[in-house]
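Q: A predicted structure for the sequence below; I have some questions about it.
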Amino acid sequence: MFGWLLRRPAGQELDPDEAKVLAESGAVVLVDVREDSEWRSGHIPGAIHLPLSRFARESARLPKDRRLVLYCLSGARSGRALGECAKLGLPIDSHVAGGISAWRRAGLPVTR
């Protein structure tokens, strides 16, 4: 009845600096779950794109040999995507805290 009051588990939140170091070292692949127009407006270098609206349908194309870390604009959609991952049995449990907005505030690079 009051399901809207329940928060979905956020999974492991990585701060932008930590996510950048892990991505640059090759330890993780960042996955942008924002929509196409948001991706075109700028994304994290080296990230792959799989919008949340197509996530369940196209998740099979995600790399299976590397740890994946999700991000969106603020962290809300990537948190929802973590819930999708759990439903789909995907071993993805991390996202960037604050999304690309926090990434930009930290002065980290964005590409188009």
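A: Right, received. Where do you want to start? Numbers count the residues shown, from 1 in each chain.

Q: ok, I44 touching L70?
A: No. The pair I44 and L70 fails to qualify as a contact (C-beta atoms under 8 Å) at a distance of 11.2 Å. Using the backbone N, CA and C atoms, a C-beta is placed for each residue, glycine as well.

Q: the more surrounded of the two?
A: More neighbours surround L70 than the other of I44 and L70, with 29 against 23 (other C-beta atoms under 10 Å).

Q: And the helix or strand harbouring that one, what's buried?
A: Assigned by DSSP states H and E, L70 belongs to strand 67-71. Neighbour counts over strand 67-71 (16 or more other C-beta atoms under 10 Å) mark L68, V69, L70, Y71 as buried.

Q: Any chance of a markdown table for those residues, columns distance to E38?
A: Listed next are these as a markdown table, based on distance: C-beta to C-beta, whole Å:
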| residue | distance to E38 |
| --- | --- |
| L68 | 19 |
| V69 | 17 |
| L70 | 14 |
| Y71 | 11 |
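
Q: Now render those as CSV, adding pLDDT and distance to I100.
A: Below are these laid out as CSV (pLDDT from 0 to 100; distance: C-beta to C-beta, whole Å):
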residue, pLDDT, distance to I100
L68, 97, 16
V69, 98, 12
L70, 98, 11
Y71, 98, 6
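
Q: Of those, which is the nearest to A27?
A: Proximity of the buried residues of strand 67-71 to A27 (C-beta to C-beta) peaks at V69, which lies at 9.4 Å.

Q: That closest one contacts A97, doesn't it?
A: No. The pair V69 and A97 fails to qualify as a contact (C-beta under 8 Å) at a distance of 10.6 Å.

Q: Mind listing the shared neighbours of these two?
A: Contact with both V69 and A97 is made by residues L14, according to C-beta atoms under 8 Å, 6 or more residues apart in numbering.

Q: tell me, what residue is most central in the protein?
A: Most central in the chain under C-alpha atoms, centre = their mean is L70, positioned 1.6 Å from the mean C-alpha point.
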